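Just a sequence and a predicted model for now, questions to come.
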Amino acid sequence: MQRDVGSRVRRLWAVLLGSALVAATGCEVSGTATTAPAPTVLAPDTPPPATPPWTLAELVNHPCTVLGPDDLTRFGLTGPGEPELDSRPGYCHWSPPAPAPDGVAVFFAPNPWDRYGMLQDIERDKEHFRTLDIAGAPAFLVDRHRPSGHRNCMIWVQVASGGLFQVEFAPEVPTAGQDVCGPATALAEVIAERIR
């Protein structure tokens, strides 16, 4: 009996000593969460690189950079766009040429702070929600149908370097059966290929 107690005490000390050594060596437990550093956002007076690909942080204060003159022509918009930087995230707003009564409003918002999964969970229960793939990246959209007849399509796309961007396509005067998400998806594809 005495031998069994001594043997158990030695085993207990061996386990405690081993635990203390592991703790002292600073071994990290697999799967420990770490906080990512905040993105370095370019100042409003510091232009982003002249050509893509850009990071979302480079576009936060320069959201209208993402579409060039050829893109604006393709989507029937006037340039260079109107940045709105007082909100978070800031965004760029493009409109159709002034005399076009049936144009669209287009918005682009780079967002390096929020996480895709979090926003997807918030929007998931909305009517006309669906997931899709934009330029190889996970994305989701909400095709909003308002009682007034107004429709708009909002798309959120995850970005590999962190964060996400949002594109919104809103016809000024929607017509019955108008596809608002086709053009929004095409626009999101163009932008996604320019962001790393």
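All right, it came through fine.

doesn't residue 157 make contact with residue 137?
Yes: using Cβ atoms under 8 Å, residue 137 is in contact with residue 157, at 5.4 Å. In this view, the C-beta of every residue, glycine as well, is placed from N, C-alpha and C.

anything in contact with each of those two?
residue 192 (Cβ atoms under 8 Å, 6 or more residues apart in numbering).

Neighbour count: the two, which is higher?
Taking neighbours as other Cβ atoms under 10 Å, residue 137 and residue 157 compare with residue 157 leading, 24 against 19.

so that one bridges to which residues?
Assessed by DSSP bridges, residue 157 has beta-bridge partners residue 139, residue 165.

Centroid-nearest residue for the protein?
With distances taken as Cα atoms, centre = their mean, residue 164 lies nearest the centre of the chain, 0.8 Å away.

any idea how far residue 70 is from it?
25 Å (Cβ to Cβ, to the nearest Å).

Please enumerate the helices of this protein.
For the chain, the helices defined by DSSP state H cover 2-25, 56-59, 69-74, 116-123, 181-192.

And these, which one averages the lowest pLDDT?
For the helices of the chain, mean pLDDT drops lowest on helix 2-25, to a mean of 41.

which stretches of this structure have low pLDDT?
Low-confidence segments of the chain, defined by pLDDT under 70: 1-39, 98-102.

let's see 50
Counting by pLDDT under 50, the chain shows low-confidence ranges at 1-31, 33.

Give the closest residue to residue 109 in space, chain neighbours not counted.
residue 91 (3.8 Å; Cβ to Cβ, 6 or more residues apart in numbering).

which ones are touching that neighbour?
Residue 91 neighbours (Cβ under 8 Å, 6+ apart): 63, 83-84, 107-109, 166.

Which of these fall in strands?
With DSSP state E as the criterion, strands contain 83-84, 107-109, 166 from among these.

Give me the buried subset of these.
Neighbour counting with 16 or more other Cβ atoms under 10 Å marks 83, 107-109, 166 as buried within the ones in strands among the contacts of residue 91.

between these, which is nearest residue 124?
Set against residue 124, the nearest of these by Cβ to Cβ is residue 166 (15.6 Å).

what's the closest non-adjacent residue to the closest one?
In this structure, residue 166 finds its nearest non-sequential neighbour in residue 109, 4.5 Å apart by Cβ to Cβ, 6+ apart.

and if you look at residue 120?
Closest to residue 120 by Cβ to Cβ, 6+ apart is residue 140, at 5.3 Å.
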